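Visitor: I would like the atomic coordinates for the input below:
(chains A and B)
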Amino acid sequence: MDNNVGVYICSGCDIGKSLNVERLVNTAKDSFKPMVCLSHEAFCGEEGINLIKKDIAEKSVNKVVIAACSMRAKQDVFNFDPLNVHTERVNLREHVIWVSPPNDNNTQLLAEDNIGMGIARAKKAEFPEPLVQELNKTILVIGGGVTGLNSALNAEKAGYSVVLVEKKSNLGGFPYSKYKKWEANPPFDKNILIKNGMDELISGVENSKNIKIYKNSKIKSISGAPGRFNVEIESEGESNKIDNINENIGAIIVATGWKPYDAKKLDYLGYGLTPDILTNVELEELYSDLYQDGKNENFTIKRKSNGENVKSVAFLQCAGSRDENHLPYCSTVCCMSSLKEAALFRKNNPDANVYIIYKDIRTPGEYENFYRKMQDDEGLFLMKGIISDVSFDKGSNIISLKVKDTLFGGDIDLDVDMLVLAAGMVPNSGDFEAGPEVKLGSDNDSAANANGASCAATTTAGLSVLPNKSGILNLTYRQGKEMPDLAYGFPDSNFICFPYESRRTGIYPAGSVRAPMDAVFSVDDAKGAALKAIQCMEQTSRGRAVHPRSNDMTYPFFDLPRCTQCKRCTEECPFGAIDEDEKGTPKPNPERCRRCGVCMGACPVRIISFKNYSPDIIGSMIKSLYIPEDPTDENYRILVFACENDAYPALDILGLNKINLSSNIRVVPVRCLGSINNVWYADALSKGIDGILLLGCKFGDDYQCHFVKGSELASYRMGNLKETLTRLVLEEERVRQIQLEFSDYMKLPEIVDDFVNKIKSLGPNPYKGF
Amino acid sequence: MGTTTIKTDNDLIKYVKNVGESNFKKCFQCGTCSAVCPLSTEDRPFPRKEMIWAGWGLKEQLASDLDPWLCYYCGECSKNCPRKAEPGELMMSLRRFLISAYDWTGISKLLYKSKYAEYIALLIVAVVVFIEWAVLFGFSPASGASLNQLVSPEKIDYFFDWPMTAFLGVVLTSFIYNMYRKTVLSDKSVKIPLKLYFTEGWSLIFNFFTQYRYAKCDDGKEPFYKKLTDGKYNFWLTHLFLMISYVALFVGIVFFLDWFQKENSFPLLHIVLFDYFASIGLMFGTVYFVIKRLTKKIERSKFSHHTDWMFIILLFLTGFTGIILRAAIVYKLPVPWMFYLYLIHLLILFPMLVIEVPFSKWSHLAYRPMGIYFANLKEKAKNLSKQV
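Guide: Alright, predicted model coming up:
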């Protein structure tokens, strides 16, 4: 491959006024001998860009180094064919002149180093060879409830064929069996309850030629990767005959919904004392049965215990929800459903008083109108309070409630005929195989949320908790059978940025398995997940990455003959992309890969690389730096590994605000802190770098890492690094990781100054000049 | 702060909803109403607790509650309520409920429920007056006779004024006793020493004649004169003016009817107090309130129940016919005119007094000061027992 480097140093945007561009050109020419080295007052202008294009066309320049603005700016202008021209952006504007004093020697040195690093990287970088393949583009939808049906229908409308798997004998899920639902469209202020609103949806799916439906079916196993999933479906046919069917699938939407929280655990609220104490789901079933019995709207709700008309009923909200001992979260639907059930009660038993005892009524958005409308009913009584006792008197057949912390300014006693426990939703995301000792939420999450320090006790950072769950997807992946959870059984994804994502590429949870939600919200979720699935199949077949490195055409290359089977890459990949054979040799699946480079960072023998991002490429950038040997203040050199997702943009914004930053730092953008290979620390320290600062995303249970575990892994690996430093008689404080949010850019000068001062107090790197 | 046993009375909720325009069921107990109320205190967080009692139909608590009588409907609560639940209007509705709760005859409840009931009640009294008049004075005034010869003040006193006053006295007293029973005697948490009834007596009289709590409805920090010149006391002063005028006329007419039918006894007192002060007070006051109720610009006058309208209209008409009659006497108009004018005046006056005073809007004349009096008694007694 020819290495025809062209260096284009822009003097626009005040770069020319703050730096000696002529000197930059000469230094670049002298030090790196590029084929072309030019300066111009605006390379983004027509004249400037044509200069570059001319060089590409006439002089066969294939490595274009543009020293101008941030790589995040003008991407539409500097967009040369990536398969034949490598474009390297050197940030002289945001990271140099906007944060450093003009016409200063240190500023000039910073610019020279940045250009040097850019050229070093360009020289080493190869052109991506995207993995373009003919792939399967059928979407598998697991679950035939509201979300599943809507996903299937939307995918079909977009022109894709769908395979729908439903475990029950009918489609429609839970809402289908319900007697009545609230209306689907705002403003919800008429308290209209609708019956059988799903028939049209179900028949739409059933009549579609492009949707293949397997009822009474389960997923036996899923293997492969996006675009080439092999799905084994276990289908119960007529006369209980079990058929095993294989389907080739492109992407998967998981719409397995929810199951009610185990009511037996609600015995402290009286469940089990009498059949008149029932859960919200049981009440829905009761309504449904009463309607089915007479096919008549005008039924009366009777007590299960003695068949008499119900004259008073209490709904107890948050029964076992928002409670650390049960479900710590809010299921979001129970307030609306209790209000709806109350409306039915008032309609069918007009003499009955309905009491709703709540911690908070949560009817978000326009649902508030439904609540307000219900408030007007003089037979409905809403009471904030906490239930302190439920007792049942057999003789009088009366349920007595004691409620404390009420707004009556004291406790209340309330006698009712029927008590409804509004229990929460549990995601139907598979069951733990370990048995009853594995508690939902608590134990597993504390480990999942542990920071780097306590992770050292486990085999690999945070990954010891990969689920031993099964029953839904039954993946044949090395990292487990189901999607990893974030908390309480809900699938993990960077939910701030990417709803519908999971940590299994090409598998998109939607609806109430993703987060508690009602049917109205599930419809939107279904559309989102369908779009995600389509995007994944299309991108993958073009050899391009999906979110968050959308369109990246590189993928990791494993130089397997040199592999030591340490299994770090297979364990640490946040997306479970890498399987392994019996010996432990990794079996990469590029279609599952998100291109974060965590495997590259993990590999101790450095056999994993991308065409334009590898231990060697970044190492060369570090080695290209000029390290002055005079131990003066301005000669300290701090290497900053900045995450491209948040930290690098934060530096850009700081520049935009023209706030000065120490000129001692040299910024190397990385795909993720998790991609930092320990060899780079060695490269830097042996080069004479005085300190290394890692700027990356927050980790922990409210992590912001775009690759879920990257920043946490970096922190964990630094634990190992510090031992090495100590052995080399280097202070461990020379390496520091800072968790930075994008919006924290104003803190950057302080963070950097603080670290620079720390390094100065330690003195220069003793290996300087070796 | 004991335990409340919930016994909801759904009919009560409907009734309270019916006799006003409060959306008290919309309340979610944020407490803004009590926080902004200039009169509510920490021990008496009204109207917040009334909102929840009404919402839950807790009759026992509501019937024994004195706080509605302590509220003067400045409307701050309604203005600030985040749910537009109209707490101020609820307090008004509760006053209507309390009037019917103190009335053991059940008549008030009927009048509040239906405006037709009110029309019929007024009509019945008017018919009785008409018959009495027919029997006593007939309908053909003898020519040449003076008004006093045709309609003797003694007969009016004996057959109209005094029986009516006695009726009002007995009925109202029994209602007030009922109020006392429900609000003070039934409250087992407080025992009122006999001495207090006398020492607190001044507050009854003071409040009756000054309605000073009206002034407290504005808790702005400006000095008195500033509020006065800014018109912040207009409502209070007009109400006070109207009330004093009415009381003066009532006492004057019932006990000194001679004066009114003879134009020249105690001319100065008569002219100043009745012909000018009280007449102006009555006309100005009623017209002022009618305008307020029509324009609906201030919270207190935003909603008008049919009993409000009936009361203010009857009061205006009574005053108006009375003044015309008085003018006819002073300016010596033809006697038959006066004769019939007198009849019309009585046909309006008596229904108004007999129906409105004990059974409807006008009973607040007695309940308001009594409510404040009882509340003071309870509070003082509580403080005394705390000191012990």
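
Visitor: Enumerate every residue touching residue A:555.
Guide: Contacts for residue A:555 were tallied using CB atoms under 8 Å, 6 or more residues apart in numbering or on different chains; they are A:131, A:543, A:545, A:590, A:593, A:595, A:610. Glycine gets a C-beta too; all of them are placed from N, C-alpha and C.

Visitor: And stretch A:187-207, what's buried?
Guide: Residues of stretch A:187-207 classed as buried by neighbour count (16 or more other CB atoms under 10 Å in any protein chain shown): A:188, A:191, A:193, A:197, A:198, A:201, A:202, A:204, A:205.

Visitor: Confidence-wise, which of those residues comes last?
Guide: The lowest pLDDT within these belongs to residue A:197, with 76.

Visitor: correct me, but that one touches residue A:181?
Guide: Yes - the criterion here is CB atoms under 8 Å, and residue A:197 meets it with residue A:181 at 6.1 Å.

Visitor: what touches both of the two?
Guide: Counting by CB under 8 Å, 6+ apart, the shared contacts of residue A:197 and residue A:181 are residue A:175.

Visitor: Flag every residue of chain A that's near chain B.
Guide: For chain A, the residues in contact with chain B (CB under 8 Å from any CB of the partner chain) are A:353, A:355, A:361, A:372, A:375-384, A:402, A:406-415.

Visitor: List the ones among the residues you listed that fall in strands.
Guide: Members of these lying in strands (criterion: DSSP state E): A:353, A:355, A:380-384, A:402, A:411-415.

Visitor: Now do the strands in the stretch 601-750 of chain A.
Guide: Here the stretch 601-750 of chain A has its strands, by DSSP state E, counting those that start in this stretch, at A:608-609, A:638-643, A:665-670, A:691-696, A:735-739.

Visitor: Helices of the stretch 51-200 of chain B, start to end?
Guide: Secondary structure of the stretch 51-200 of chain B (DSSP state H, counting those that start in this stretch): helices at B:59-63, B:67-70, B:76-80, B:87-102, B:107-113, B:115-137, B:147-150, B:153-155, B:162-180, B:194-199.

Visitor: Now render those as CSV, adding mean pLDDT.
Guide: Listed next are the helices of the stretch 51-200 of chain B as CSV, based on pLDDT from 0 to 100:
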stretch, mean pLDDT
helix B:59-63, 93
helix B:67-70, 94
helix B:76-80, 94
helix B:87-102, 96
helix B:107-113, 94
helix B:115-137, 94
helix B:147-150, 84
helix B:153-155, 86
helix B:162-180, 94
helix B:194-199, 90
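
Visitor: These into TSV, with extra columns for distance to residue A:63 and mean neighbour count?
Guide: Shown next, in TSV, are those (distance: least, CB to CB, whole Å; neighbours: other CB atoms under 10 Å in any protein chain shown):
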stretch	distance to residue A:63	mean neighbour count
helix B:59-63	85	18
helix B:67-70	85	22
helix B:76-80	69	21
helix B:87-102	75	26
helix B:107-113	92	21
helix B:115-137	93	15
helix B:147-150	122	16
helix B:153-155	121	14
helix B:162-180	97	16
helix B:194-199	100	10
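
Visitor: Between the ones you listed, which one is closest to chain A.
Guide: Judged by CB to the nearest CB, the one of the helices of the stretch 51-200 of chain B that comes nearest to chain A is helix B:59-63, at 8.9 Å.

Visitor: In PyMOL, select just the buried ones from the residues of chain A next to chain B.
Guide: In PyMOL syntax, the buried subset of those is picked out as below (16+ other CB under 10 Å):
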select buried, chain A and resi 353+355+361+372+375+377+378+379+380+381+382+383+384+402+406+407+408+411+412+414
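
Visitor: Can you give me the distance of residue A:693 to residue A:661?
Guide: In this structure, residue A:693 and residue A:661 are 12 Å apart, going by CB to CB, to the nearest Å.

Visitor: Please name the nearest non-neighbouring residue to the residue in the stretch 201-350 of chain B that chain A sits nearest to.
Guide: Here the stretch 201-350 of chain B gets closest to chain A at one residue, residue B:303, 17.2 Å apart by CB to the nearest CB. Spatial nearest neighbour of residue B:303, excluding adjacent residues (CB to CB, 6 or more residues apart in numbering or on different chains): residue B:21 at 4.4 Å.

Visitor: show me the contacts for that neighbour.
Guide: B:86, B:89, B:93, B:303 are the contacts of residue B:21 under CB under 8 Å, 6+ apart.

Visitor: Make CSV out of the ones in strands among the residues of chain A next to chain B and add pLDDT.
Guide: Putting these into CSV (pLDDT from 0 to 100) gives the following:
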residue, pLDDT
A:353, 95
A:355, 96
A:380, 94
A:381, 94
A:382, 92
A:383, 90
A:384, 91
A:402, 95
A:411, 91
A:412, 92
A:413, 94
A:414, 94
A:415, 95
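
Visitor: ok, which residues in chain B are in contact with chain A?
Guide: Along chain B, the residues adjacent to chain A under the rule CB under 8 Å from any CB are B:1-6, B:8, B:10, B:13-14, B:17, B:23, B:25-26, B:28-29, B:49, B:52, B:55-57, B:83.

Visitor: Can you show me the strands along chain B?
Guide: With DSSP E as the criterion, chain B has strands spanning B:3-5.

Visitor: Domain boundaries for it, per the record?
Guide: B:10-102, B:107-387 (automatic domain parsing).

Visitor: Give the burial count for the residue of the stretch 251-388 of chain B at minimum distance from chain A, as a bare number.
Guide: Closest residue of the stretch 251-388 of chain B to chain A, CB to the nearest CB: residue B:382 (16.3 Å). Residue B:382: 15 surrounding residues under other CB atoms under 10 Å in any protein chain shown.

Visitor: Just to check, it is in contact with residue B:190?
Guide: Yes - at 5.5 Å, residue B:382 counts as touching residue B:190 under the criterion of CB under 8 Å.

Visitor: and residue B:339, what does it touch?
Guide: B:137, B:141, B:147, B:150, B:151.

Visitor: For those residues, work out which two are farthest apart.
Guide: Greatest spatial distance among those (CB to CB): B:137 and B:147, at 10.7 Å.

Visitor: Residue A:661: neighbour count?
Guide: Counted by other CB under 10 Å, the residues lying close to residue A:661 total 23.

Visitor: Over to residue A:432?
Guide: Using other CB under 10 Å, the number of residues around residue A:432 comes to 18.

Visitor: following the longest helix belonging to chain A, which helix or strand comes up?
Guide: Criterion DSSP state H: the longest helix present in chain A is helix A:519-541. Counting by DSSP states H and E, the next helix or strand C-terminal to helix A:519-541 is strand A:557-558.

Visitor: Can you give the contact residues for that next one?
Guide: So strand A:557-558 is contacted by A:586, A:588, A:607, A:608, A:609, A:610, A:611 (CB under 8 Å, 6+ apart).

Visitor: Done for today, thanks.
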